[in-house]
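Peer 1: Sequence and predicted structure, then a few things I'm wondering about:
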Amino acid sequence: MLSADRVSAIEESAWFQSKWAPYLLCDADWRIRAVNVACERVSGHPRESLLGRELFDAFPENPADPEADGVANVSASLEFVLRRGVRHWLGVQRYDIPDPQNPGEFVYKVWTPMNSPIKEGKKTIAVLQHAQDVTRVVPPTPAERAYPKLFELRRAAEVLSRQFPDLPSEAVLSVLTHSHSVIAESAGIEDLERAEALAKLRLETHAGHPAKEL
């Protein structure tokens with residue numbers, strides 16, 4: 001069971017208080033127990049409106065999107081983490097969120113979600129979700145559910161994955177897509193080459209070794 005003391009300890013952690021890394025903590029019943037400032041910012045929903053709510057009640061499926069698979073994919077990931085006690089990457093996931101300014105309406109959003117176990121001994125008692133907003137670099141196309149930029153990123157990620165064969169392909173795609181978003185926001189232009197260089201540095205940290213020579 002996720003105790004109030006454990007929640008407080010997580011909330012007080014320096015990494016959880018990051019202004020740029022969105023974190024959401026939910027217990028084994030998928031109740032939202034903690035939300036950081038970065039998560040409030042990217043979701044547009046204040047902490048007070050989320051705490052204590054069931055995750056998929058707070059962030060339901062967009063009924064206007066007949067192909068929406070966010071709830072199914074995220075719930076499967078959470079179950080996997082809870083059951084296996086290991087981190088799980090979803091790669092790039094479209095998941096529209098309720099518009100706090102217009103009840104009943106949804107905002108188009110694309111994320112790079114990663115779910116990690118919170119353990120007590122060997123038992124997983126909660127899941128920490130870290131989801132970066134990459135909507136800027138995966139915009140929708142009119143009248144079609146097609147994402148040309150995502151296709152380009154997937155091709156680049158396939159090449160990058162060969163340099164990190166021990167990392168899941170979803171992790172490589174996630175890191176590359178977010179790196180592309182960071183470069184686009186900081187430089188004001190899209191530069192896939194610079195994004196790949198940044199992603200390689202970040203993936204070396206995740207993998208714990210230099211990129212494999214091709």
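Peer 2: Cool, the structure landed. Residues are numbered from 1 along each chain as shown.
Peer 1: got the buried residues for the lowest-mean-pLDDT helix or strand in the chain?
Peer 2: In the chain, the helix or strand scored least confidently by mean pLDDT, DSSP states H and E is helix 148-161, which has a mean of 92. Across helix 148-161, burial judged by 16 or more other Cβ atoms under 10 Å covers 149-150, 153-154, 156-157, 160-161. C-beta: built from backbone N, CA, C; applies to glycine.
Peer 1: got a markdown table for the residues you listed, with distance to Ala187 too?
Peer 2: Formatted as a markdown table, those follow (distance: Cβ to Cβ, whole Å):
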| residue | distance to Ala187 |
| --- | --- |
| Lys149 | 16 |
| Leu150 | 20 |
| Leu153 | 17 |
| Arg154 | 22 |
| Ala156 | 17 |
| Ala157 | 20 |
| Leu160 | 20 |
| Ser161 | 25 |
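Peer 1: re the thing from before, average pLDDT across the helix or strand just after the least confident helix or strand of the chain?
Peer 2: Later in the chain than helix 148-161, the nearest helix or strand by DSSP states H and E is helix 169-187. Averaged across helix 169-187, pLDDT comes to 95.
Peer 1: which stretches of this protein form helices?
Peer 2: In the chain, the segments counted as helices under DSSP state H are 4-11, 37-43, 47-50, 55-58, 70-84, 148-161, 169-187, 192-207.
Peer 1: relative to helix 70-84, how tilted is the longest one?
Peer 2: For helix 169-187 and helix 70-84, the angle between their directions (axes from the mean of the first three to the mean of the last three Cα atoms, to 10 degrees) works out to 120 degrees.
Peer 1: Could you do the first one as well?
Peer 2: Orientation note: helix 4-11 sits at an angle of 110 degrees relative to helix 70-84 (the same axes, to 10 degrees).
Peer 1: what's in contact with helix 4-11?
Peer 2: Outside helix 4-11, the residues within contact range by Cβ atoms under 8 Å, 6 or more residues apart in numbering are 16-17, 25, 33-34, 36, 118, 120, 125-126, 128.
Peer 1: just the longest one next, same as before
Peer 2: Applying Cβ under 8 Å, 6+ apart, the set of residues contacting helix 169-187 from outside is 89-92, 112-114, 132-134, 136-138, 150, 153-154, 156-158, 160-161, 164, 190-192, 194-196, 198-199, 202-203, 206.
Peer 1: Please check those and keep the buried ones.
Peer 2: Buried among these (16+ other Cβ under 10 Å): 89-92, 112-114, 132-134, 137-138, 150, 153-154, 156-157, 160-161, 164, 192, 194-196, 198-199, 203.
Peer 1: Give me the pLDDT for Tyr95.
Peer 2: We have a pLDDT of 97 for Tyr95.
Peer 1: Next, the contact list for the closest residue to it other than its chain neighbours, please.
Peer 2: Nearest non-adjacent residue to Tyr95, counting by Cβ to Cβ, 6 or more residues apart in numbering: Gly70, 3.4 Å away. Residues near Gly70 by Cβ under 8 Å, 6+ apart: 61-62, 93-96.
Peer 1: Buried among those? Make that a ChimeraX selection.
Peer 2: Here is the ChimeraX command that picks out the buried ones among the contacts of Gly70, judged by 16+ other Cβ under 10 Å:
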select :62,93,94,95,96
